[in-house]
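Q: Kindly generate the corresponding structure for this input.
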Amino acid sequence: MKNIYKTFTIVLLLIGSYSYGQQTPADKQSASILITGAIIHIGNGNVIQDGAIGFDNGKITFVGKSSDANSSNYGKSIDANGKHVYPGFIATNASLGLAEIDAVKATRDFDEVGTFLPHIRSIIAYNAESKVVESMRPNGVLMAQTTPRGGTISGTSSVVQFDAWNWEDAAVKIDDGVHINWPSAYQQGRWWLGEDPSFKPSKNYAKQVSEIANFFKNANTYLKGGQKEKNLQFDALKGIMNGKQKLYIHAGREKEIVDAVNWAVNISITNIVIVHGNEADRVTDLLKKHSIPVLVPRPHRLPWAQDDDVLGPFKLAKNLSDKGILVAIEMEGQMERMNTRNLPFYAGTYAAHGLDKEKAVQMITLNAAKILGIDDIVGSLEVGKDATLFISQGDALDMRTNIVEHAFIQGRTLSLETYQTTLHKRYMQKYSKK
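A: Residues are numbered from 1 along each chain as shown. Next comes the predicted model:
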């Protein structure tokens, strides 16, 4: 019994010590600000050299050449000569704020028990005081779509910004869409058990697809009926059926994407997004026909099949973009919460393999905002939109030069201090001593 209490105490201390000290959210913007002399990346593919951007009360009031800006209209000026200004980067399909320490089960809240869980809402589990979330800001990642995991239908995602006391303050768009994990059409043999390691058609695929179809069929019947007794699962699909919410279909292979899209279109679901889409560049005609965007994975990965182009994962964004598909970058995968801070460098990798640099910026700014349905307020530096932006000493897609000096969310000046920067200063001081 003493050992149980001792273990429990250690876990509580670990959680407490890790979560303590998160930066206090910034005060509302009190003075208007004008940034001058900067290289301004609008987020829509355009760049202004020697540009200026002004904002007041959290909204952008001027974007243009520095020579056209009237500094007397602003209470504070920032000289950003030769530096770069970007819209705040937006991470899609991330589980930020839903887990803190992977090794401590009590801090993980991204997966619920069950198979069909459209009524599970990630937003109410979002931890605005997460130290992991805080560590995104020094790289310019200022917003994310926080998404549940697990099951056939994981639940409902929401979009948050990274400067808030609680989830209510953090919310930018609540319940933007439902996420469904499409079954795998192929299975790989377990080589460690002596099975053939090659991929073969899954024996359970047809049954699993049928279960999804039946669930949505029953939900549609429920939504059209008298609804005498409330069914939370079916009720949560109302926005998907009437087109007000997006259906995010997590599917990678060509067959899975084709089957999923055809199924959704056949039951009149029109607001669709493909997530992962590892082989989406093979079915671009189908995606264009139904105006379906794709959230592509992180590029630092191996191809799926032995005969695939080894550089295929690095070229995926360009291949889709060249075909006119709206593309953004999603974050699901190994160590996804910690790796989300590398979002701009994933965009940089796609740019290094053929994608135009400003299109790469667009993937994590305006494209992401369009897919999430928030492009009326963020995603590009335009008059009237939220002043969610940052200043970097250099190219923000290059980890050598992405040194963020100032960051703002809705005009509020953010602290860029984190647990990591505190440790950096501590040990730099230690090792700089002779």
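Q: make it CA atoms for all contacts and neighbour counts henceforth
A: Fine.
Q: buried stuff in the longest helix anywhere in the chain?
A: When the chain is parsed with DSSP state H, its longest helix is helix 205-224. Burial within helix 205-224, assessed by neighbour count using 16 or more other C-alpha atoms under 10 Å, is assigned to 205, 208, 209, 212, 216, 219, 220, 222, 223.
Q: Quick check, pLDDT for the last one.
A: Each residue has a pLDDT score; the one for residue 223 is 91.
Q: Okay, helices next: where are they in the stretch 1-150 of the chain?
A: Ranges of helices in the stretch 1-150 of the chain, per DSSP state H, counting those that start in this stretch, are 2-19, 131-134.
Q: Mind telling me which of the ones you listed the model trusts least?
A: Among these, helix 2-19 has the lowest mean pLDDT, at a mean of 49.
Q: where does the stretch 101-250 of the chain have low pLDDT?
A: By pLDDT under 70, the stretch 101-250 of the chain has no low-scoring segment.
Q: would you list every one of the strands in the stretch 51-200 of the chain?
A: Taking DSSP state E, counting those that start in this stretch to define them, one finds strands in the stretch 51-200 of the chain at 59-65, 76-79, 84-87, 89-94, 141-146, 153-161, 171-181, 186-188, 199-201.
Q: now those in JSON lines, with distance to residue 240?
A: Below are the strands of the stretch 51-200 of the chain laid out as JSON lines (distance: least, C-alpha to C-alpha, whole Å):
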{"stretch": "strand 59-65", "distance to residue 240": "32"}
{"stretch": "strand 76-79", "distance to residue 240": "45"}
{"stretch": "strand 84-87", "distance to residue 240": "30"}
{"stretch": "strand 89-94", "distance to residue 240": "18"}
{"stretch": "strand 141-146", "distance to residue 240": "17"}
{"stretch": "strand 153-161", "distance to residue 240": "11"}
{"stretch": "strand 171-181", "distance to residue 240": "8"}
{"stretch": "strand 186-188", "distance to residue 240": "28"}
{"stretch": "strand 199-201", "distance to residue 240": "30"}
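Q: any chance of those strands in CSV, with mean neighbour count too?
A: Formatted as CSV, the strands of the stretch 51-200 of the chain follow (neighbours: other C-alpha atoms under 10 Å):
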stretch, mean neighbour count
strand 59-65, 20
strand 76-79, 14
strand 84-87, 28
strand 89-94, 29
strand 141-146, 28
strand 153-161, 27
strand 171-181, 22
strand 186-188, 15
strand 199-201, 12
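Q: Of all those, which one is nearest residue 269?
A: Nearest to residue 269 among the strands of the stretch 51-200 of the chain is strand 171-181 (12.1 Å), distances taken as C-alpha to C-alpha.
Q: by how many degrees do that closest one and strand 89-94 diverge?
A: 40 degrees (axes from the mean of the first three to the mean of the last three C-alpha atoms, to 10 degrees).
Q: Wasn't residue 421 part of a helix?
A: Yes - assessed by DSSP: H, G, I helix; E, B strand; the rest coil, residue 421 belongs to a helix.
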